[in-house]
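Chemist: dropping a prediction and its sequence here:
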Amino acid sequence: MADETPGAYTLPTEREHPFDPNAGLTRLRDTAPVTRLASPDGHLGWLVTKLSTGRKVLTDPRFSARQELLHFPVRPLIPQRPEPARPGWLSRMDPPEHTKYRELIAAEFSTRRLSGLEPRATELAECLLDEIELAGPPADLVEAYALPIAPLVIGELLGVPEGEREEVQCHTQALTRPATGLDEAVEIIEALRGYVRALVGRKRATPGDDALTGLAASGRLTDEELANIGTLLLVTGHETAVQMIALGVYALLYHPGQLDKFTANPASADRAVEELIRYLAVVETGILRAALEDVELDGTLIKRGETVTVWISTANRDPEVFEDPDTLRLERTASGHLSFGYGIHQCVGQQLARLELRVAYACLFNRFPGLRLAVAADEVPLRAGAAVHGIESLPVTW
Ligand code: HEM
């Protein structure tokens, strides 16, 4: 059993092609799927690039998600100080704390609530498309469509009043910008937390039919816990969905044959959306866990305290799991990918995300059947160094 792989690897995340994982990381998956990885803080941890090994990490309780134990190899989506997660911030805690919050939040993302949200999400998408159509071509679909949808939908679900969603969006966007440093990020989170705390007060006084009201009414959460949960949901539900909408539209325009299949088979939209989620794998931070004890992982000894980073985009292209993995094939069964994580922390917002994407793609291509890129296919500017892979703008015409 090897306990050391020579030569620590510093993570190159740049994508040479807009939709494919970094070529060096892909090579690692095929040659050294568990390999040494250095973090900027000097910690020597591990990188896992293969799907089956990643799943082992994410389902093994000897690996912890506790924030104070993790060493980040690249900027996380939400930069935080290396201290225990605040009450309610479930993504960075282990059971039993995690279990309580997870159950309460999952109950608010029920099928009933989500199906009630679909007509409203469609209405919101149609409103944005009205504006785009009125302004006439060309349009930047990142600015005019992808960016506004996510905060509108999560705002609707949580019960953020319409007039306040833009301000929330400014905060979440600033937080996830690569140039935002730790101190500024902590300030932004504090501002959002203050906003959500006040909103909880208003929900207690005037209950609505929304998730925040539901969580407050459970009687099992303090205002501080509610403020943290609301903040976490606002932030995590934003950037991932924005870039999945933008990059997904780009990928469909880039592959006209696949776009034809998408528009010809509305009944298969769920399957198509799942394949886009697998293929694009927008989360570019990896999924981090820290070993609570020595663990043997596929023949490699991970020592207690070491951080393991599971890389999503390479795992999703694992040829042992998906046939012809580098090809976008909307008709395939793409389930089993790691885009939403795996195990107990698997994305609690995944059904909301699927709904949002289905609505966003369908409304757009229904409205503009002749939609096409307004620049050459390889001239769409990619975002560099961001926690969520995506594009800066998407110039289109029709
Ligand atoms: C396409 C869009 C999305 C992607 C790709 C995505 C991705 C992920 C991933 C990879 C994880 C696992 C993190 C880990 O195991 O450490 C996760 C967890 C989570 N996501 Fe998402 N997400 C998306 C949309 C959303 C939305 C819309 C929401 C909320 C409204 C959301 C809320 C959360 C929360 C709260 C967790 C933590 C769950 C837990 O720890 O139990 N996500 N997401």
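Modeler: Yes, it's here.

Chemist: which parts of the stretch 201-350 of the chain sit against the ligand?
Modeler: Residues of the stretch 201-350 of the chain lying near the ligand by C-beta under 6 Å from any ligand atom: 232-233, 236-237, 240-241, 244, 282-283, 287, 339-341, 345, 347-349. For the C-beta atoms, the positions are set from N, CA and C on the backbone; glycine is no exception.

Chemist: next SSE after the helix or strand residue 104 falls within?
Modeler: According to DSSP states H and E, residue 104 maps onto helix 97-108. Counting by DSSP H and E, the element after helix 97-108 in chain order, helix or strand, is helix 111-135.

Chemist: now do the helix or strand following that following helix: everything it contacts.
Modeler: Moving toward the C-terminus from helix 111-135, the next helix or strand (DSSP H and E) is strand 139-140. Residues from elsewhere that reach strand 139-140 (C-beta atoms under 8 Å, 6 or more residues apart in numbering): 132, 145, 393-397.

Chemist: want to throw those residues into CSV with neighbour count?
Modeler: CSV is the format used below for those (neighbours: other C-beta atoms under 10 Å):
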residue, neighbour count
132, 20
145, 24
393, 16
394, 25
395, 16
396, 24
397, 14
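
Chemist: not counting sequence-adjacent ones, nearest residue to the residue positioned nearest the centre of the chain?
Modeler: Nearest to the geometric centre of the chain sits residue 240, at 3.7 Å (C-alpha atoms, centre = their mean). Spatial nearest neighbour of residue 240, excluding adjacent residues (C-beta to C-beta, 6 or more residues apart in numbering): residue 388 at 5.6 Å.

Chemist: correct me, but residue 254 touches residue 375?
Modeler: No - if you go by C-beta atoms under 8 Å, residue 254 and residue 375 don't touch, sitting 11.8 Å apart.

Chemist: which stretches in the chain count as strands?
Modeler: 34-38, 44-48, 63-64, 139-140, 287-291, 295-297, 300-302, 307-310, 372-373, 395-397 (DSSP state E).

Chemist: export stretch 31-38 as PDB, just CAs?
Modeler: C-alpha atoms of stretch 31-38 as PDB (Å, rounded to 0.1, in the frame of the first residue of the first chain):
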ATOM      1  CA  THR A  31      -3.100   7.100 -14.600                       C
ATOM      2  CA  ALA A  32      -3.100   8.100 -10.900                       C
ATOM      3  CA  PRO A  33      -6.700   8.600  -9.700                       C
ATOM      4  CA  VAL A  34      -5.600   9.100  -6.000                       C
ATOM      5  CA  THR A  35      -2.700  11.500  -6.000                       C
ATOM      6  CA  ARG A  36      -0.900  14.100  -3.800                       C
ATOM      7  CA  LEU A  37      -2.300  17.600  -3.900                       C
ATOM      8  CA  ALA A  38      -0.800  20.700  -2.300                       C
END
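
Chemist: how close does the residue in the stretch 101-250 of the chain positioned nearest to the ligand get to residue 256?
Modeler: In the stretch 101-250 of the chain, the residue found nearest to the ligand is residue 237; the distance is 2.9 Å by C-beta to the nearest ligand atom. To residue 256, residue 237 is 31 Å away according to C-beta to C-beta, to the nearest Å.
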